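Chemist: What follows is a predicted protein model with its sequence.
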Amino acid sequence: MAKEHPRHLIRCNQAAADHGFTLMEVMFAVMVLAFSVAALTQAVVSGQSHTYEAMHASRAVALAEAMIDEVLSKPYDDPEGDLAAGPDAGETSRGLFDNADDYDGFTEAAGAVRDQSLTAYPQLYQRFGRAVTTTYSTVTLSDLGGDHDGLSVTVTVTDQSSRAWTVSRFIQEPTP
Ligand SMILES: [Ca+2]
Ligand SMILES: [Ca+2]
């Protein structure tokens with residue numbers, strides 16, 4: 001004699017068959033989920049990349065501005081009266097520069113970037129090199145009423161992908 005299923009179990013199985021998912025529905029749901037996860041992952045990676053780029057650029061500009069500040073902290077005129085842009089006699093290293101134009105032609109390679117006290121910058125800043133140019137020039141500043149003699153200082157910071165950030169300042173020649 002065949003074993004009889006309890007009546008309530010038959011009802012449950014019938015309900016599952018009525019409300020279950022077909023294989024196609026399951027595959028479709030899995031596909032949608034996979035696309036959603038991929039899109040979310042891409043958004044997170046893209047966000048992290050933008051954050052890295054912003055931090056990278058801000059470090060480059062900070063290095064450029066720090067060098068500009070260092071140049072601006074020096075006297076305009078050489079104490080010995082030398083007038084040539086670039087290091088003067090005996091100014092064989094950065095620590096011996098005694099006026100602003102001595103920095104003309106100064107460079108630091110990536111991995112050897114130091115602050116004004118010649119202390120190495122943290123590792124994340126060592127991905128950049130720096131170069132300085134200083135040029136005596138006359139610029140027209142209409143707000144200040146005409147032509148002004150002075151020193152143009154430009155600092156270029158370059159990363160290992162050859163991307164460059166440039167900061168420039170004009171130092172007006174002091175009036176005697
Ligand atoms: Ca000098
Ligand atoms: Ca000089």
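Modeler: Right, received. Where do you want to start? Ligands and ions are numbered 1, 2, ... in the order given.

Chemist: alpha carbons only for contacts and neighbour counts from here, please
Modeler: Noted.

Chemist: Pick out the residue of the chain closest to ligand 2.
Modeler: The shortest separation between the chain and ligand 2 is 4.0 Å, found at Asp102 (distances taken as C-alpha to the ion).

Chemist: What about that residue, how many residues nearby?
Modeler: Close neighbours of Asp102, defined as other C-alpha atoms under 10 Å, add up to 28.

Chemist: and it, what is it in contact with?
Modeler: With contact set as C-alpha atoms under 8 Å, 6 or more residues apart in numbering, Asp102 has these partners: 85-88.

Chemist: got CSV for those residues, with secondary structure and neighbour count too?
Modeler: Conversion of the contacts of Asp102 to CSV gives the following (DSSP: H, G, I helix; E, B strand; the rest coil; neighbours: other C-alpha atoms under 10 Å):
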residue, secondary structure, neighbour count
Ala85, coil, 19
Gly86, coil, 21
Pro87, coil, 23
Asp88, coil, 19
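
Chemist: Shouldn't Val132 be within a strand?
Modeler: Yes. Inclusion of Val132 in a strand is indicated when DSSP: H, G, I helix; E, B strand; the rest coil is applied.

Chemist: quick one: which helix or strand includes Met27?
Modeler: Taking DSSP states H and E as the definition, one finds Met27 inside helix 23-72.

Chemist: That helix near ligand 2 at all?
Modeler: No. Under the criterion of C-alpha under 5 Å from the ion, ligand 2 is not reached by helix 23-72; the shortest gap measures 11.9 Å.

Chemist: average pLDDT for that helix?
Modeler: Within the predicted structure, the mean pLDDT of helix 23-72 is 92.

Chemist: by contact count, what packs against it?
Modeler: In this structure, helix 23-72 makes packing contacts with strand 128-141, strand 146-159, strand 164-172, judged by 3 or more C-alpha pairs under 8 Å, 6 or more residues apart in numbering; DSSP states H and E.

Chemist: Can you add mean pLDDT and mean neighbour count and give those back as a markdown table?
Modeler: Formatted as a markdown table, the entries for the helices and strands packed on helix 23-72 read as follows, by pLDDT from 0 to 100; neighbours: other C-alpha atoms under 10 Å:
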| stretch | mean pLDDT | mean neighbour count |
| --- | --- | --- |
| strand 128-141 | 95 | 19 |
| strand 146-159 | 95 | 20 |
| strand 164-172 | 96 | 17 |
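
Chemist: how about these, which one is nearest ligand 1?
Modeler: Nearest to ligand 1, of all the helices and strands packed on helix 23-72, is strand 128-141, at 12.4 Å by C-alpha to the ion.

Chemist: Pull up the pairing partners for that closest one, direction included.
Modeler: Applying DSSP bridges, strand 128-141 is found paired with strand 107-108 (antiparallel), strand 146-159 (antiparallel).

Chemist: if I look at the spatially most central residue of the chain, how far off is Gln126?
Modeler: Using C-alpha atoms, centre = their mean, the residue of the chain that lies closest to the mean C-alpha position is Ala57, 1.6 Å off. Using C-alpha to C-alpha, to the nearest Å, we find Ala57 at a distance of 13 Å from Gln126.
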